Every structure is written in structure tokens, then in C-alpha cells.
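*Asks:* Fold the following for me, if possible:
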Amino acid sequence: MRRVHFIAIGGSAMHNLAIALHRQGFDVTGSDDEIFEPSRSRLDRLGLLPDKLGWHPEDITSGLDAVILGMHARRDNPELRRAQELGIPVYSYPSYFYERTKGKTRVVIGGSHGKTTITSMIVHVLRHADVEFDYLVGAQLDGFDCMVRLSESSRVAIIEGDEYLASALDQVPKFHLYKPDIALISGIAWDHINVFKTFESYVDQFRRFIACIEPGGKLVHCAEDDVVNAIAQEPEVSAQRIPYGIPKHRIVDGVTILETAHGDVPLQVFGRHNLMNLEGARHVCHLLGIGDKEFYASISTFLGAAKRLEKLAEAPGRIVFKDFAHSPSKLKATLDAVREQFPQRRLVACMELHTYSSLSEGFIDQYAGCMDAADRAVVFYDPHAVQLKRLPPIPVERVKKAFAREDLLVHNDPIAVMGEVRRGIGGDSVLLMMSSGNFGGLDLQALSEAFTA
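*Replies:* The predicted model follows:
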């Protein structure tokens with residue numbers, strides 16, 4: 001399949017896959033009705049940016065070997081219809097990645113939280129061990145300019161397994177399509193309520209993921225998560241179960257140190273969830289032939305995945321982190337991690353309600369108590385984002401009630417958020433900015449400089 005066309009090429013995974021195929025020498029074309037940064041610039045540099053936005057069925061010809069359909073494209077997309085008329089094979093990007101890796105050992109990392117970090121840790125260790133591997137990761141990593149790699153010679157594929165739907169034609173979670181030889185589940189906390197209307201229906205997707213494990217495969221699972229542990233122990237599970245938890249460690253002067261059979265291992269990352277992520281990654285690497293001594297030597301240099309407790313600025317007594325946390329479980333875990341690491345510092349935390357779930361009346365009460373670890377808690381939401389998602393307006397008082405915190409500060413103006421952060425400065429402090437959005441265009445670097453000045 002040397003000639004491939006991407007419908008909705010601007011997506012995060014889609015444009016990375018397009019770049020990976022281009023580097024393999026494939027003839028790659030694509031289309032989209034909107035393409036944002038950094039996808040736009042990255043595609044443009046390689047000559048892969050569509051000449052014009054929109055859908056152009058006349059560009060779909062019988063000379064194409066495959067069409068890859070992004071989730072952004074609808075079932076009635078004119079280019080998709082043309083491909084179907086011509087009998088061209090159509091794949092979602094997960095189904096295409098499976099086709100290209102089905103002769104390899106596939107490791108699929110799933111879970112409501114932690115999957116990007118665990119995948120990143122495994123990739124980091126394998127790279128240090130000079131193991132050749134394919135990969136599909138959701139976040140930008142240091143030393144990698146493309147987050148998808150496919151090759152003819154590698155025998156292993158490391159895949160971040162998202163539970164959101166694959167495409168308009170593949171109306172199943174992405175991680176159901178990879179058929180892992182080694183699967184990992186990090187944790188389960190209800191998300192994507194626009195698709196999975198109940199918690200039980202969401203949990204059931206992970207049961208089906210376990211059922212997709214190839215015969216003789218392995219299931220690495222977090223024993224600290226009650227829901228994960230319950231479904232991993234169900235009698236229908238035929239895969240070999242490998243549980244993991246929090247490794248032995250201590251915190252000294254703001255640095256987390258693993259206590260291992262091979263000696264103390266200082267880490268660049270911290271927090272209960274990161275320690276569990278690390279332990280899950282260790283088990284996977286062991287199954288791939290990486291010994292513990294080599295694993296610890298490599299993981300000590302791991303700086304973290306992009307936007308996961310990423311340090312923006314630091315000065316004596318002051319530090320600023322940004323994090324992708326947006327769901328209740330991620331929010332609480334991130335705050336608890338910072339509080340444990342810096343117990344003597346004032347913690348100022350700001351989060352943005354940005355996703356469909358977080359802005360939904362039927363879900364927002366899940367945030368109760370999630371910001372209790374912060375000394376000063378701020379919530380931002382953009383009314384325009386609420387409108388775009390076709391949801392009813394959310395009164396400020398409703399947000400306060402949902403978080404169950406009387407002193408919660410709620411704003412929908414990014415300038416007001418800047419003011420609240422400035423007022424929160426005092427003594428030794430930590431500022432934590434958490435969002436899957438951009439706080440209404442707020443300049444986080446300027447904010448960080450003000451906080452650490």
C-alpha cells in the first residue's frame with residue numbers, strides 16, 4: 001500500500017502517521033476542513049499540507065492503495081463516499097496500524113489515565129537499550145520529532161491505546177483494534193460520557209479490551225485500582241495476569257528516590273501515579289527482555305511526557321507546572337502528587353473545564369473534592385467553548401457546588417485568572433495549571449514568569 005490518502009489529516013495521530021509513511025517513501029496525500037498548529041507547520045515543512053481546505057472527491061482516484069479515515073470526518077464525507085464507490089480499502093488509523101504490525105509483538109497500553117506516561121516510559125527505556133521498535137504515542141517526547149514509527153525490520157510495536165472511537169466507520173474504541181500480545185491497564189475512571197452514557201458501559205470497554213488479547217498473551221494491570229483489579233480477576237480472563245502497585249520509595253528534598261535491589265534510583269518525575277506508571281512500565285519491559293538493572297538506569301533519566309507535570313519555570317522557593325489533567329481522577333491525582341512532593345509549600349491550583357464531559361450537567365458533580373489539596377483553587381471555563389459543544393450555559397454557582405468547595409474561585413475571563421494567580425503569590429509556593437485546552441489563550445509563560453519573579 002504505497003499510495004495512501006488521509007481524510008482529516010490534521011489530527012494529532014493522523015498527521016504523525018502521515019509523516020511516518022512519508023518518511024518510509026510512501027506517496028502521501030491528505031485533506032481536512034481545518035488544520036491547526038502544530039500539525040499545520042509540520043505537514044507544510046514536508047510538503048504534505050493540502051493545497052486548499054475542504055473535501056475534494058475528485059482527488060480520490062483508483063490509483064490509491066488505501067484511504068485512512070480520521071475521527072473528525074463524518075460517515076457522509078464526500079471523499080469517503082468516492083473511495084467506497086471505487087472499492088479502495090478504507091482504514092481508521094488504529095486498524096491501519098494493526099495491519100502494519102500484525103506480524104509483530106504488540107504492546108498496548110490502556111487506561112483512563114497514565115497511558116501516555118507509561119507508553120512514553122517504555123519507549124524511553126527501549127530506546128536507551130538500542131531495541132528497534134515501532135510506536136504510536138499521543139504526546140511529544142524529548143528526542144522524537146514524530147510520534148509514530150513503522151518499519152519493515154522491527155519485531156515489536158508499542159501502542160498507546162485510546163478508548164475513544166476510532167472513526168465514523170469503526171465505531172469501536174481504538175484499543176479494541178490493536179489485538180495486543182501484551183496489554184496493560186493503568187486505571188479506570190469514567191470519561192467520554194458523550195459516547196459511554198454510564199460508568200458500567202465505559203468499564204465494559206475495558207473488559208472487551210482484555211478479551212482482545214491474543215491467545216497466550218499477558219495482562220499487566222494496576223492492583224491499586226479496585227475497578228481494574230475486579231475485571232482483571234474475572235473468570236473469563238484467559239491471559240496471564242501480572243499485577244503491579246507502588247514501588248518502595250522515599251522523598252528527600254523534593255526528589256523521589258526508588259529503593260531497589262540494585263540500589264537507590266533518583267527520579268526526575270514524582271507522584272503516586274507516576275510511581276505506579278513506572279512499575280507498570282517495568283513489568284512490560286521485563287516481558288520484552290529488559291532486565292531491572294538496565295530499566296532503572298534508563299528510567300532515572302526520564303523527564304516525563306509533554307504536558308504531564310511539565311515544569312514551566314522555577315526560582316528559589318517558587319515553581320510552576322502545567323499538566324494535561326482535566327478529568328476528576330487525573331485532577332485529584334496531580335494535585336495529590338504535588339502536595340506530597342512539596343508538603344511545606346503553598347499550593348495554588350488552576351484548572352480549566354474544557355472537555356464535553358467536564359462541561360456536562362450529568363457529569364460535573366464528579367469533581368466534588370478534587371481540588372481539596374490546593375490552598376488556593378481556581379476554575380476557569382470559556383462560555384464560548386460551552387456553546388461550541390452545544391451545551392447549556394453553566395452558572396458560576398453551579399461550578400462551585402459541583403466542586404464542593406466554598407472558597408473556590410470561578411472565572412470565565414483569562415485576565416481574571418491571571419489576577420487570581422498573582423494574588424496567590426506568597427512565600428514558598430507551587431503553581432499548578434491544569435487543562436486539556438489553553439485557558440482561553442492565556443500566555444502561560446508570562447504567567448509563570450510573574451509567579452516566579
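
*Asks:* low-confidence ranges in the chain?
*Replies:* The model of the chain has pLDDT under 70 over residues 1, 142, 424.

*Asks:* Which strands and helices lie in contact with the longest strand seen in it?
*Replies:* If you go by DSSP state E, the chain has its longest strand at strand 346-353. Judged by 3 or more C-beta pairs under 8 Å, 6 or more residues apart in numbering; DSSP states H and E, strand 346-353 is in contact with helix 328-341, strand 376-381, helix 414-423, strand 429-434. Using the backbone N, CA and C atoms, a C-beta is placed for each residue, glycine as well.

*Asks:* can you rerun that using 10 Å?
*Replies:* Here strand 346-353 touches strand 318-323, helix 328-341, strand 376-381, helix 383-388, helix 396-403, strand 409-411, helix 414-423, strand 429-434, going by 3 or more C-beta pairs under 10 Å, 6 or more residues apart in numbering; DSSP states H and E.

*Asks:* what lines up beside the last one in the sheet?
*Replies:* In its sheet, strand 429-434 lies beside strand 318-323 (parallel), strand 346-353 (parallel), with partners assigned from DSSP bridges.

*Asks:* Could you name the stretch from the helices and strands packed on strand 346-353 that's closest to residue 65?
*Replies:* Minimum separation from residue 65 across the helices and strands packed on strand 346-353 (C-beta to C-beta) falls at helix 383-388, 36.4 Å.

*Asks:* For the closest one, which residues meet the burial criterion?
*Replies:* For helix 383-388, burial by neighbour count (16 or more other C-beta atoms under 10 Å) applies to 385-386.

*Asks:* returning to what we had before: so which of the helices and strands packed on strand 346-353 gets nearest residue 237?
*Replies:* The nearest among those, by C-beta to C-beta, is helix 328-341 at 23.3 Å.

*Asks:* Give the buried residues for that closest one.
*Replies:* Buried, per 16+ other C-beta under 10 Å, within helix 328-341: 328-339, 341.

*Asks:* Would you reformat the residues you listed as a markdown table and include distance to residue 305?
*Replies:* Output for those, formatted as a markdown table (distance: C-beta to C-beta, whole Å):
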| residue | distance to residue 305 |
| --- | --- |
| 328 | 20 |
| 329 | 17 |
| 330 | 13 |
| 331 | 17 |
| 332 | 19 |
| 333 | 14 |
| 334 | 13 |
| 335 | 18 |
| 336 | 19 |
| 337 | 14 |
| 338 | 16 |
| 339 | 21 |
| 341 | 17 |
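
*Asks:* related to what we said a few turns ago, can you convert the strands paired with strand 429-434 into TSV and add a column each for distance to residue 247 and mean neighbour count?
*Replies:* Below are the strands paired with strand 429-434 laid out as TSV (distance: least, C-beta to C-beta, whole Å; neighbours: other C-beta atoms under 10 Å):
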stretch	distance to residue 247	mean neighbour count
strand 318-323	22	23
strand 346-353	25	24
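
*Asks:* could you dump the ones you listed to CSV with distance to residue 263?
*Replies:* Output for those, formatted as CSV (distance: least, C-beta to C-beta, whole Å):
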stretch, distance to residue 263
strand 318-323, 28
strand 346-353, 32
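
*Asks:* for those strands, which one sits closest to residue 90?
*Replies:* Once the strands paired with strand 429-434 are compared by C-beta to C-beta, strand 346-353 is nearest, at 35.6 Å.

*Asks:* which residues touch the residue nearest the centre of the chain?
*Replies:* With distances taken as C-alpha atoms, centre = their mean, residue 116 lies nearest the centre of the chain, 4.5 Å away. Residues counted as contacts of residue 116 (C-beta atoms under 10 Å, 6 or more residues apart in numbering) are 109, 137-139, 141, 160, 162, 186, 277, 305-308, 324.

*Asks:* Mind doing that once more with 8 Å?
*Replies:* Taking C-beta atoms under 8 Å, 6 or more residues apart in numbering, we find residue 116 in contact with 137-139, 160, 305, 308, 324.

*Asks:* State the pair within the buried residues of helix 328-341 that is farthest apart.
*Replies:* The distance between the two most remote of those (C-beta to C-beta) is 20.7 Å, for 328 and 341.

*Asks:* hmm, back to that, mind exporting the longest strand of the chain as PDB, just the C-alpha atoms?
*Replies:* The C-alpha atoms that make up strand 346-353 are tabulated as PDB, following Å, rounded to 0.1, in the frame of the first residue of the first chain:
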ATOM      1  CA  ARG A 346       1.600  26.900  49.400                       C
ATOM      2  CA  LEU A 347      -0.200  25.200  46.500                       C
ATOM      3  CA  VAL A 348      -2.100  27.400  44.000                       C
ATOM      4  CA  ALA A 349      -4.000  25.300  41.600                       C
ATOM      5  CA  CYS A 350      -6.000  26.400  38.500                       C
ATOM      6  CA  MET A 351      -7.900  24.100  36.200                       C
ATOM      7  CA  GLU A 352     -10.000  24.600  33.000                       C
ATOM      8  CA  LEU A 353     -13.300  22.900  32.400                       C
END
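
*Asks:* Just want the angle from that strand to helix 396-403.
*Replies:* 110 degrees (axes from the mean of the first three to the mean of the last three C-alpha atoms, to 10 degrees).

*Asks:* what domains does the record give for this structure?
*Replies:* As assigned by automatic domain parsing, the chain contains the domains 3-88, 96-299, 310-452.

*Asks:* Between the two ends of the longest one, how far is it?
*Replies:* For domain 96-299, the first and last residues are 31 Å from each other (C-alpha to C-alpha, to the nearest Å).

*Asks:* Please apply the same query to the last one.
*Replies:* As for domain 310-452, its first-to-last residue distance stands at 15 Å under the measure C-alpha to C-alpha.

*Asks:* same deal with stretch 266-279?
*Replies:* This stretch, stretch 266-279, spans 15 Å end to end (C-alpha to C-alpha).

*Asks:* No further queries at this time; thank you.
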